[in-house]
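# following is a predicted model, sequence given first.
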Amino acid sequence: MASLDPTTGMRRSQLYRRHINNKAVFKNTGYDFVVSHYDNGNDQHTELDQARSMAICDLSTLPRTGFKGAGARSWAENQGIKIPDSANRSIVQPDGCLVATLSDQELLILSDILAKSHQVTALGEQSTNDHLENDTQTYLLPRGDSHCWLAVTGNQAAEMFSKVCGVDLRPHKFALGDIAQTSVAKTNAVVIRQDLGQILSYYILCDISAAEFLWDCLLDAMQEYAGSPVGISALEALVSA
Amino acid sequence: MKNRLPPPYGSLINREKMVQFEFESKAYQGFHGDSVASALTANNQTLLSRSFKYHRPRGVLTMAGQDANTMVQLPSNPNALADRELISDGLKVTGQNYSGTLEKDRGQWLGLFSRFLPVGFYYKAFFKPRGIWEKWAPLIRKKAGLGVINQQLVPDYYDKQYKFFDVVVIGGGPAGMQAALESAVPSCEVLLVDENQSLGGSLNYSRFDVEGARGKNQLDKLLNAINDKPNISVMTNAVCNGWFADNWLPIITKKRLYKVRAKQTIMCTGSLEQPAIFHNNDLPGIMMSSAAQRLVHLYGVRPGSQAVIVTGNNDGYGTALDLDDAGVKINAIVDLREDPNYDDIAKAAVDRGIRVETGTTVYAAKHKGANRVSSVDIRKIVSQGICAEQGETITCDLLCMSVGYTPTYQLACQAGGQLTYDDQSAMFSLRNCPESLQLAGSVNSLWSLDAVLMEAKRAATIATNALGLTQVQVADRVTEDTVSPNHPWPIFAHPKGKEFIDFDEDLTIADIINATADGYEHIQLVKRYSTCGMGPSQGRHSALAAARLVAAATNRTVAETGVTTARPPFSAEQLGHSAGRSFYPARRSNMHYRHIEAGAEMLQAGAWYRPAFYRSKGKDSTACIDAEVSNVRNNVGLVDVSTLGGIEVRGADASEFLNRFYTFGFLKQPVGKARYALLTNEAGVVIDDGVACRFGNNHYYVTATTGGVDRVYQNMLKWNAQWRLDVDLANVTSAYCGVNIAGPNARAVLQKVCSGVDLSSEAFPYMGVRVGNIGDIPARLIRVGFVGELGYEIHVPQQYGEALWDALMVAGNDYHIQPFGIEAQRILRLEKGHIIIGQDTDAMSNPNEVQMGWAVSQNKPFFVGGRTIAELEKKPGLRGLVGFVIDDTKAPLPRESHLVVEDQRMTGRVTSCNFSPTLGKAIGLAYVPPEKTTVGTMIEIKSTGGVRVLAKVVELPFYDPENLRQEL
């Protein structure tokens, strides 16, 4: 598979140079470039095994958005979005995107791994239009650019997190869909438990300008568990397995 | 290894694996599992190191890593504990704190002068005549300190990890093991922590029955049960070094600090055996009874060939049995008790025909030139601390002390537990621990194994009940009828002194008593005056004796006297545990690497990396910066302003909100225009600035300073919560990156790539804001003039940053566009007379002081700080920020914070100063007294090297006062 050049795109992950240095092979999701896999002599089954044990993946160019405001919740419900009952919980929507409540008045919406959900981009436009027309008190948040989006996968992920985060993220304490808005390696982060297939997985969203810092910290922390970066193909395989 | 005992002695060593190591450049052998101290003792090397003050010979004292006697030098670190550090092949160990050789230390002469080194010596000797300390200091500093730091060492990797448990049991002796087992009810996650190589504590070495079998049997039983409990995690070689609020426990292993959160803590930290106090009680060969038992049972090492045991309890008899079994000749048991109440173990020792002297003590230990005890002088006790005139000398090369214990109270006291002393039992005990902390074992003043195990079960039940995991009736507290193991006064003064209370600091009975005589009667003052308890072992073996002596000297009870505060850490920890892997967040804009590729020298502003300037071949930094300034003034430059704060203010009341929040008026600000936004706090102090860009009736995009945006946003949230306006606030700083394209050719360059915006001066004037595209990139464009030239700030979604930079650099290629860094930007803004908040302002600066009165609206009813500013305006000012120029081109350039002076008086300070390549002279900003603010006034600045430089106050701005260039 020939790699695409991420610099031919307008939007570039803060981490793309690190991926190139790690011999990444990029592909286009239909939105922007994302690492398919790393061409380091291993076949893709090896990356899948890696993802099952301990891996990190950059999803920062996948679609995501957010809304806040006094009317955000009701507006979103009117769009047919299923909203979690309480703050700091997330729910996967029928089309695969994930809706997370960061507070009673704030929602974060993440695309599915395969980026097949069109809801994310559609909702962004819809909210702006609706607000302008009807003052819905729903304000769009540029989550696609304010936060980088990483996935940490593998059965040792919780153990690895305990080296960088003071919240108990072990699977029997931090349920599927739970959210922790906390500090990871002294960086403000939103951590969401979102298993991929049967594999324990977490999404981390942190300030995009700190993406490289956090990436390096997580790689350092997972070295003990032989963790390494994987491309999105490995995550897709986890989901479809 | 002449002192090595055969199996089954030596539970910690592996005789199959021989280890070669060096001590004092001499080769030794030991077994895998041996500590340095045990291996050396096996080779009959009892001298390990030298004491801190008098360079006295020191050897094994506790064999538990609890004392400073065994501190040795390793290649990688000083002050390693020889009774903790394991030997390894090729390890090179030396003693510490000696001159010449360890055996014949030239520093020993200091001991001869001990009478001239009284307690509080430093305080008494060096405060007068004035200046005497400076003369003594080099000598004392040369003598002080233990060990040598290897500065060439490449540090190992140390890190930290969080752990979470329902119950943490600290101490893996019989009480801890039993408590862990009992706590391990279904769904309860239990951690059992022990500082030793293996679990078991005293079960590994103490004698619990006449046959000496019960300890091992009980240990096996407990170990097997623990192994069968998957919900018990065990950490050995791990020390819990403190207790912090809500059961936050720092647990240290070799290279990792675990930050453990426990819902319930059970402390089974055991007790610390205490020394008897008599003349020369510190000689090598004199050790705690438990140390001798550890050597025998854990390491299979015979600690001596002929032993005397001084005891105040029945435990000393158990030691005698152990040593006798190991082939050590017991020359006498010297029992301080006049009428001992023997248990079965003591009776067994007596039955073996071991000589016992009751009502007797060791009065002095002797040595025959060698660095080891050779005999003891035993004497009848006449009264408390007083011995008969005559005694008997008994030969021995080993003296074991068993006169009592203190609970290992340090962690429990940190948790709020109170230490009390019972005169009847002569023991400390703990009470009033928090509800989430239980005690069990000898730390809880229980001594018989049966009682210890029962109390451990009780503590665990309380813990699991509190967690809601069990609902079990809690038994009454266990009581036992065993006699206290503590002798009330094992302290015997000697005319020649050297009866050591504190081995770390070489403090004797006289030192403690003299401290009280000097007026330092409180135990905390005694500690600070005498340094008792301030050494590496932190008073573990001196606190009880010191408390007793101070109590007696001040006519108080020991309970009234108490002990000093036991602060964390419990034991010495390596710097790596604190200084190891730490997190220093770093922020980079999306175009960061374009700066690196262009040769930028980066600097960190807070967490952000920013280009200071771009290195050009053959130019120094000043020349590079000057060229960047010149390119902006005469052509076009590009600077990354992504670090600027950005806050969305949206909602029906957005204008009203800004009108209240900032000093200017915003109600009538047209859509499509930007307005300068100056922020003051309630005290009228300038705390930030930016521009408020109105993109819609109900939508402002407000910029803030790089370092101030978090505070601005926090303040906005606070005020919005109070005002309850219909406004939504969002900090979008990182969501946008930005550049400022500035210079007379800025428009021409921008026109090549910008669509959707008419860039003409008429359609898009100064302070206008527009939404358009740079290529395919959606952008917000703001016409501002921070650097004083035609310029556009362009803000785009963060991940487009690099593409934006590329597009503008390509578009500007025909114009020789050059990037410029923040050093050039600082000069450019200074030439334009713009202040930088935080550099040109301080915690007292109000708008009028800094010539920003124009940015304060006089026509609105309220804004934050407005009332204070109005009051300040009624009073004469105290200072003013002025611009100055220095015409003398040879004068040393003043720097920020250089003083403005008048004669010898400081009257102000410089806040900014630089050489202006545009104006060809030094320019700057400075606070001066009101009378010096008049244009044309000369001020004097104390510049680099103390050189006084004359400067002239001038009108601001220095450059383009008509603002023609920025409004092109």
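Arrived safely. Computed from a predicted structure; not experimentally measured.

# all helices of the stretch 851-968 of chain B, in order?
Applying DSSP state H, counting those that start in this stretch to the stretch 851-968 of chain B gives helices spanning B:866-873.

# what comes up buried for stretch B:217-231?
B:218-219, B:222-223, B:226, B:229, B:231 (16 or more other Cβ atoms under 10 Å in any protein chain shown). Yep, even glycine has a C-beta here, placed from its N, CA and C like the rest.

# in strands only, show me those residues.
With DSSP state E as the criterion, strands contain none of the buried residues of stretch B:217-231.

# closest one of those to A:Ser233?
B:Asn231 (38.3 Å; Cβ to Cβ).

# what stretches of the chain score poorly on pLDDT?
Here I'm looking at chain A. A:1-2, A:42-44 (pLDDT under 70).

# the intended chain is chain B.
Using pLDDT under 70, chain B drops low at B:481.

# end-to-end on stretch B:182-201?
18 Å (Cα to Cα, to the nearest Å).

# tell me if that stretch is near chain A.
No - Stretch B:182-201 is not in contact with chain A by Cβ under 8 Å from any Cβ of the partner chain; minimum separation 9.1 Å.

# before we move on, back to that, what would the buried residues of stretch B:217-231 look like in CSV with distance to chain A?
CSV is the format used below for these (distance: Cβ to the nearest Cβ, whole Å):
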residue, distance to chain A
B:Gln218, 33
B:Leu219, 30
B:Leu222, 27
B:Leu223, 26
B:Ile226, 21
B:Lys229, 17
B:Asn231, 11
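
# turn the residues you listed into CSV, including distance to A:Gly80.
Compiled in CSV, the buried residues of stretch B:217-231 are given as follows (distance: Cβ to Cβ, whole Å):
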residue, distance to A:Gly80
B:Gln218, 66
B:Leu219, 65
B:Leu222, 60
B:Leu223, 60
B:Ile226, 55
B:Lys229, 50
B:Asn231, 44
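
# pick out the most distant pair among those residues.
Within the buried residues of stretch B:217-231, B:Gln218 and B:Asn231 form the most distant pair, 22.0 Å apart (Cβ to Cβ).

# do you know how far the residue in the stretch 701-850 of chain B positioned nearest to chain A is from A:Val184?
As assessed by Cβ to the nearest Cβ, chain A sits closest to B:Ala735 within the stretch 701-850 of chain B, at 3.7 Å. Separation of B:Ala735 from A:Val184 (Cβ to Cβ, to the nearest Å): 19 Å.

# in terms of neighbours, single out the busier of these two.
Counted by other Cβ atoms under 10 Å in any protein chain shown, B:Ala735 and A:Val184 do not tie: A:Val184 has more neighbours, with 27 against 24.

# phi first, then psi, for that one.
phi -120, psi 120 (degrees, to the nearest 10).

# enumerate every residue touching it.
Residues counted as contacts of A:Val184 (Cβ atoms under 8 Å, 6 or more residues apart in numbering or on different chains) are A:161, A:164-165, A:191, A:204, A:206, A:214, A:217-218.

# again, but for A:Met160
Here A:Met160 is in contact with A:54, A:152, A:154, A:218, A:221-222, A:224-225, A:227 (Cβ under 8 Å, 6+ apart).

# secondary structure class for residue 46?
Going with chain A. helix (DSSP: H, G, I helix; E, B strand; the rest coil).

# could you do chain B instead?
Under three-state DSSP, B:Thr46 comes out as coil.

# phi and psi next, for B:Asn634.
The phi/psi pair for B:Asn634 (degrees, to the nearest 10) is phi -110, psi -10.

# what distance do you get for it to B:Leu61?
79 Å.

# so for these two, which sits in the more crowded spot?
Each of B:Asn634 and B:Leu61 has its neighbours counted (other Cβ under 10 Å); B:Leu61 has more, 27 against 13.

# isn't the more buried one right next to B:Ala291, touching?
Yes - taking contacts as Cβ atoms under 8 Å, B:Leu61 lies within contact range of B:Ala291: 6.3 Å.

# need the distance between the two termini of stretch B:110-127.
22 Å.

# do stretch B:526-536 as well
First-to-last residue span, stretch B:526-536, Cα to Cα: 17 Å.

# now do the buried residues in that stretch.
B:526-536.

# one more: stretch B:80-100?
Those would be B:80-87, B:91, B:93-98, for stretch B:80-100 by 16+ other Cβ under 10 Å.

# nearest to B:Gly665, of the residues you listed?
The nearest one, if we look at the buried residues of stretch B:80-100 relative to B:Gly665 and count by Cβ to Cβ, is B:Ala80, at 69.8 Å.

# run through the bridge partners of that closest one.
B:Val72 (DSSP bridges).

# what residues are up against it?
Taking Cβ under 8 Å, 6+ apart, one finds B:36, B:71-74, B:93 in contact with B:Ala80.

# need the max-distance pair from the buried residues of stretch B:80-100.
B:Leu86 and B:Tyr98 (23.9 Å).

# run through the neighbouring helices and strands of the helix or strand encompassing B:Glu628.
B:Glu628 is part of helix B:621-634, with elements assigned from DSSP states H and E. Packed against helix B:621-634, as judged by 3 or more Cβ pairs under 8 Å, 6 or more residues apart in numbering or on different chains; DSSP states H and E, are the following elements: strand B:608-614, strand B:818-819, helix B:822-831.
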